[in-house]
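1. from the sequence below, what's the structure:
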Amino acid sequence: MLRVHAYDDPSVSAECQHCGAPWQPDLTGACRYCQTVAPPPGARPAWTGEQLDATALYGLLQALRAGGRLAADLARCLPDQVTVEGSRLEVGLEDWQYNLDRTGAEAVHSVRGVVLKRESLEQDEWVAVVAAHLAEYAGKNARVRDGLLALES
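-> Numbering: from 1, shown residues only. Alright, predicted model coming up:
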């Protein structure tokens, strides 16, 4: 089980208003310890509706990447959106294809087989873009939302 705790980050000084634990929201914006959705004053607000917190998702994906488990865990939790071929990770969301391998990363926007945009990205930037798109898409697709929540457990 992967957990990213606020007490590991010396810059975090806010506490949960309900349980008093260091404020570290999960992907839904709730306290990791008591599951109350009550961000302390000054904390960044949680996403509304069914969207997930893109910043928390980015941190989770970076931790998985650092542990060498990003491709395997994403493929396990999001089998309809993620494919892994050797060292290449491909994430398909709506009309975007995000590709990551040892040599680089890219985002490709195509409609009906016509590539409208192809952009090379740094690997950290790739993780941020994928996290933001996944967090947004989770509000539209319950299976994706459930798969992302399964990454945390």
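2. quickly find the element holding L61.
-> Assigned by DSSP states H and E, L61 belongs to helix 54-66.
3. ugh, typo on my part, it should be A135
-> helix 123-138.
4. list the buried residues for the following helix or strand past that helix?
-> Using DSSP H and E, the helix or strand that follows helix 123-138 in sequence is helix 142-152. Neighbour-count burial for helix 142-152 flags 144-145, 147-148, 151-152 (criterion: 16 or more other CB atoms under 10 Å). Glycine gets a C-beta too; all of them are placed from N, C-alpha and C.
5. for helix 142-152, name the packing helices and strands.
-> helix 54-66, helix 70-77, helix 123-138 (3 or more CB pairs under 8 Å, 6 or more residues apart in numbering; DSSP states H and E).
6. can I get those in TSV including mean pLDDT?
-> Shown next, in TSV, are the helices and strands packed on helix 142-152 (pLDDT from 0 to 100):
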stretch	mean pLDDT
helix 54-66	91
helix 70-77	95
helix 123-138	92
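7. export these to JSON lines and append columns for distance to C34 and mean neighbour count.
-> Formatted as JSON lines, these follow (distance: least, CB to CB, whole Å; neighbours: other CB atoms under 10 Å):
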{"stretch": "helix 54-66", "distance to C34": "16", "mean neighbour count": "19"}
{"stretch": "helix 70-77", "distance to C34": "25", "mean neighbour count": "19"}
{"stretch": "helix 123-138", "distance to C34": "22", "mean neighbour count": "19"}
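8. using JSON lines, lay out the ones you listed together with distance to C16.
-> Converted to JSON lines, those look like this (distance: least, CB to CB, whole Å):
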{"stretch": "helix 54-66", "distance to C16": "15"}
{"stretch": "helix 70-77", "distance to C16": "27"}
{"stretch": "helix 123-138", "distance to C16": "22"}
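9. among those, which is nearest Y98?
-> Judged by CB to CB, the one of the helices and strands packed on helix 142-152 that comes nearest to Y98 is helix 123-138, at 5.1 Å.
10. now do the helix holding A135: distance to the chain's middle.
-> 6 Å (CA atoms, centre = their mean, to the nearest Å).
11. ok and it relative to helix 70-77, angle-wise?
-> Angle, helix 123-138 to helix 70-77, by axes from the mean of the first three to the mean of the last three CA atoms, to 10 degrees: 10 degrees.
12. rewinding a little: which of the buried residues of helix 142-152 sits closest to H18?
-> E152 (19.5 Å).
13. and that closest one, how far from D146?
-> Per CB to CB, to the nearest Å, E152 is found 11 Å from D146.
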